[in-house]
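Colleague: give the three-dimensional model of this entry:
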Amino acid sequence: MNIYGFDHIVLCVRSVEATLAFYQRVLGLEAREERPGKWSLHFGSNKISVQDAGTLPKLAERTVPGSGNFCVLTETPMEEVIARLRAHDVEIVEGPAEKAGAVGTLMSVYFRDPDANLVEVSNRIS
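Modeller: As a prediction, the model looks like this:
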C-alpha cells in the first residue's frame, strides 16, 4: 500500500453554521453544501467535512466537538496571518514558533475554533 496524502478530514461541531462562518471569515475557506444539510470547507485541493454533533452516524458516534487538531499551510507571511487573526479577535494560543512539519521546518501559530479544535497555520521555512 502506498499512502500519498489526505483527501479530507472531518470536524465534529456543535454548530455547523457557526463553524462555517468562523472558517470563512478567519481563514477565507469556501463553504459548500455537498448535499442537503451536508457541509464542507474547501481550500486548494483540500476539504474539511463539517459534521453536526447532534446527527453523528453510528460509525462516528465516539467523535466529540473540540477533539480536532490540524495544520494548514499558507504562503501568506506570518505577520499578515497574525494581523488577520487579531483583526477577527482570534486569540493566538501559541506562536509564532518553529515546529517540525511533515517535510521540513514550519513557522506556526495556533488558535482554537468555536468548538476549541486546535488549528495551526504555518509557513514552510526553506
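Colleague: use CA for all of it now, contacts and neighbours both
Modeller: Will do.
Colleague: F43: neighbouring residues, count only.
Modeller: Residues lying near F43 (other CA atoms under 10 Å) number 13.
Colleague: please report how far it lies from R14.
Modeller: Note on F43: its distance to R14, by CA to CA, to the nearest Å, is 22 Å.
Colleague: cool, and V72?
Modeller: Taking CA to CA as the measure, V72 falls 22 Å from R14.
Colleague: repeat that for R35.
Modeller: For R35 relative to R14 (CA to CA), the value is 19 Å.
Colleague: would you list every one of the strands in the chain?
Modeller: In the chain, the strands defined using DSSP state E lie at 8-13, 30-35, 38-43, 46-52, 69-73, 92-100, 105-112, 118-124.
Colleague: switch those strands over to TSV; also include mean pLDDT and distance to A60.
Modeller: Listed next are those as TSV, based on pLDDT from 0 to 100; distance: least, CA to CA, whole Å:
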stretch	mean pLDDT	distance to A60
strand 8-13	93	9
strand 30-35	95	19
strand 38-43	95	15
strand 46-52	94	10
strand 69-73	93	17
strand 92-100	96	28
strand 105-112	96	22
strand 118-124	94	20
